[in-house]
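**Student:** Okay, here's the prediction I keep looking at, along with the sequence it came from:
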Amino acid sequence: MKLSVSSLVFALLFSFLLETSASTDENFLQCLTLHFGNDSISKLIYSSSNSLNSAVLKFNIRNNRFSTPSTPIPQVIVTPLLISHVQATLNCSLKHGLHLRVRSGGHDYEGLSYVSPVPFVLDLINLRNISVDIENSFAWVQSGATVGEVYYWIANKSRTLRFPAGLCHTMGVGGHFSGGGGLVPVPSNVTMVTVKRNLEQNATKILHRWQ
C-alpha cells in the first residue's frame, strides 16, 4: 500500500512539474511576443516543431558527432536582429526563471552552444556588423561575426593594420574575445613559415611550451 501511495504522489508531482515547466515556457514566449511584436517573432524565433529550427541549429556545427538524430536539440532558438531583442530575451528569461545558452555565430567543436539540457538558445548570428576605423586604429564588431569576417573587412580598409585572433576563420568573435582590442600595425608584406613536427619529434612538448 505504501508503494502505491508513493507512486501516486510521485506521478502527481511529476505531472505538476511538467505543467509548471510548460506554463513557464509559454509565458516566456508570450513575453518575447510582447517585446518583439507578432510580425517579428515569427521570423526570429524557431521552435522545435519548425523545420527551420534544425537548419538554424546545424548551420555552424563543425563536429559531426553533434549532428545526429539522437542529439538533443533546444526547444526554441531566438535569433535577434536588434540589440533591443537581445535585451528583451535576457529580461524575459530572467523574469520567468529560465536559463539561456548563448551562441555567438561561430563554430563550437565541443557542442556546448547547442547540445545541453538548457531548452533555449540565443543565437547571435544576425548581429554581425563590423565597422573599421582606420584613423583611430580600432574596429567595432558585433558578437555574431566570425574572425574571418573581421580579417576580411580590416583587409578591405588597410594593408598595414591587422587584428591578431588566430588562424581559424570560422570562430565566432563573441566566444573568442570580449572587452575589445585595437588594431595593430604590420608590414605591407610579411613572410609566413610553417614548421611541421610529429609526436616522435616532440610535437606535444613544443605545443605545451607555446601554450
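**Tutor:** In hand now; what should we look at?

**Student:** Just the strands from the protein, written as ranges.
**Tutor:** For the chain, the strands defined by DSSP state E occupy 45-47, 76-78, 100-103, 120-123, 130-133, 138-141, 161-162, 184-185.

**Student:** How many residues are close by His176?
**Tutor:** By other CB atoms under 10 Å, the residues close to His176 number 16. Placement of C-beta: from N, CA and C, glycine included.

**Student:** From what I see, it and Pro164 are in contact.
**Tutor:** No - His176 lies out of contact with Pro164 (CB atoms under 8 Å); the separation is 11.2 Å.

**Student:** just to revisit the earlier point, any idea which of the strands of the chain gets closest to Arg197?
**Tutor:** Between Arg197 and the strands of the chain, the tightest spacing by CB to CB is seen for strand 161-162, at 26.3 Å.

**Student:** mind listing what's buried in stretch 173-190?
**Tutor:** For stretch 173-190, the neighbour count (16 or more other CB atoms under 10 Å) marks 173-176, 183 as buried.

**Student:** I'd like those written out as TSV, with distance to Ile134 and pLDDT added.
**Tutor:** Listed next are the buried residues of stretch 173-190 as TSV, based on distance: CB to CB, whole Å; pLDDT from 0 to 100:
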residue	distance to Ile134	pLDDT
Val173	19	87
Gly174	24	82
Gly175	26	72
His176	22	77
Leu183	8	91
